[in-house]
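In: Provide a 3D model corresponding to the input given below.
(one chain, ligands or ions: 1)
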Amino acid sequence: MSDPRPPAPRQHRPEGAPRREVELFEGLTTTRAIRRYSEEAVSDQDLAAILFAATRAPSGSNRQPWRFLVLRDDEPSRQAKLLLARAAREIWVQKRSRDGYDRGSGLDPDSPKARMAQSMERFPEAIETAPVVILPCFLRYRAPHLSDGASIYPCCQNLLLAARARGLGGVMTIFQLPVEAELREVLEVPDGVELAAAIPLGHPLGAHGPVRRRPLREFVFEGRWGETPAWAEDPPGTRYTRAGPPGHRTPID
Ligand SMILES: Cc1cc2nc3c(=O)[nH]c(=O)nc-3n(C[C@H](O)[C@H](O)[C@H](O)COP(=O)(O)O)c2cc1C
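Out: Modelled structure (predicted):
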């Protein structure tokens, strides 16, 4: 019987090959969500550098209310990765039918929607085997407030950009949510500490490159709501996505 899995993807950088320096603006605009990783280990030096950069992020009053649980190969980490993979499967099954991945453009195997579906199908296994998964944690020090996220998620983006700078890739996920109670038990997370995300990291299979977003003119107003300034133009050659919040239809839809 033929192997039903898709062919192994092209590896972005052969193991041991030198890394190319990525200039800041290029890094900001071309760091993609990476959901496939090679078997190459992530070194202690890379992890230290990435977490150093993560902890340079801003936070309210410079309180730095973050901690990072790094999951690698020990038994609790393996159990935690299995839990996260289970959550990834559950979330994808729901999302696939809710967001119509098997309807409309999703029926064309080359459409962005179908490619996303293929990537999400494989993602749980990639989480199980990812060299590293990082759980950024938020130390709750006051009653919940709208700005709490701003003292934990900037460090997550720093982390992903630093990973990119070190030749690695990863993606922010919320797979900790459905399995939070079990994760807390396995990893002995104390009360007062919230699991903010689950970020798998590794040497990417597949490439970074320009991310697709909606046109800048949809996002920017000047002076008053709805007034689009003429200068809000994307650079020539920018490619777009139709993704966006439900109920906010605009000209490219
Ligand atoms: C708050 C947040 C939650 C996310 N949760 C998930 C998730 O649970 N699973 C997943 O595969 N990707 C998740 N992502 C990644 C987004 O899908 C990704 O950033 C987005 O599609 C843009 O991808 P791109 O940067 O490669 O263009 C999340 C991103 C953010 C910012």
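
In: The ligand contacts on this structure?
Out: Counting by CB under 6 Å from any ligand atom, the chain comes close to the ligand at 32-33, 123, 171-175, 211-212. Backbone N, C-alpha and C define where each C-beta goes, glycine included.

In: For the residue nearest to Tyr37 when sequence neighbours are not counted, list each beta-bridge partner.
Out: Excluding its sequence neighbours, the residue lying closest to Tyr37 (CB to CB, 6 or more residues apart in numbering) is Gly202, at 2.6 Å. Per DSSP bridges, the residues bridged to Gly202 are Gly169.

In: does Gly202 really touch Ser38, like I thought?
Out: Yes. With contact defined as CB atoms under 8 Å, Gly202 and Ser38 form a contacting pair (6.5 Å).

In: Specify which residue of those two has the higher count of neighbours.
Out: Between Gly202 and Ser38, counted using other CB atoms under 10 Å, the more crowded position is Gly202 (24 against 17).

In: For the more buried one, give its distance to the ligand.
Out: Computed as CB to the nearest ligand atom, to the nearest Å, the Gly202 to the ligand distance reads 14 Å.

In: check contacts around that residue.
Out: Counting by CB atoms under 8 Å, 6 or more residues apart in numbering, Gly202 makes contact with 34, 37-38, 40, 42, 130-132, 168-170.

In: could you redo the last one with a cut-off of 7 Å?
Out: 37-38, 42, 130-132, 168-169 (CB atoms under 7 Å, 6 or more residues apart in numbering).

In: what's near enough to touch Ala163?
Out: Contacts of Ala163 (CB under 7 Å, 6+ apart): 50, 169-170, 201.

In: As CSV, the residues you listed with neighbour count would be great.
Out: Below are these laid out as CSV (neighbours: other CB atoms under 10 Å):
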residue, neighbour count
Ile50, 27
Gly169, 25
Gly170, 26
Leu201, 26
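
In: What is the nearest of those residues to Gln79?
Out: Nearest to Gln79 among the contacts of Ala163, counting by CB to CB, is Leu201 at 18.6 Å.

In: thought the closest one was touching Thr173?
Out: No. Assessed by CB atoms under 7 Å, Leu201 is found out of contact with Thr173, at 11.4 Å.

In: Which strand or helix spans Arg96?
Out: For Arg96, the host element (DSSP states H and E) is helix 75-98.

In: How about that helix, which residues are buried there?
Out: Buried residues in helix 75-98, counted by 16 or more other CB atoms under 10 Å: 77, 79-89, 91-92.

In: Identify the farthest-apart pair in the contacts of Ala163.
Out: Farthest pair in the contacts of Ala163, by CB to CB: Ile50 and Gly169, 11.4 Å.

In: how far is stretch 137-144 from where the chain is centred?
Out: 22 Å (CA atoms, centre = their mean, to the nearest Å).

In: can you give me the end-to-end distance of that stretch?
Out: One end of stretch 137-144 sits 15 Å from the other (CA to CA, to the nearest Å).

In: Contacts for it, please.
Out: Contacts for stretch 137-144 (CB under 7 Å, 6+ apart): 63, 65-67, 69, 148, 152, 192-196.

In: and if we set it to 6 Å?
Out: The contact list for stretch 137-144 (CB atoms under 6 Å, 6 or more residues apart in numbering) reads 65, 67, 152, 192-196.

In: again with stretch 67-82
Out: Around stretch 67-82, the neighbours that count as contacts under CB under 6 Å, 6+ apart are 51, 128, 132-137, 183, 186-187.

In: can you put the residues you listed in CSV and add secondary structure and distance to Pro229?
Out: What follows is the contacts of stretch 67-82, written out as CSV (DSSP: H, G, I helix; E, B strand; the rest coil; distance: CB to CB, whole Å):
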residue, secondary structure, distance to Pro229
Leu51, helix, 39
Glu128, helix, 47
Val132, strand, 42
Val133, strand, 42
Ile134, strand, 39
Leu135, strand, 41
Pro136, strand, 35
Cys137, strand, 40
Leu183, helix, 45
Val186, helix, 51
Leu187, helix, 48
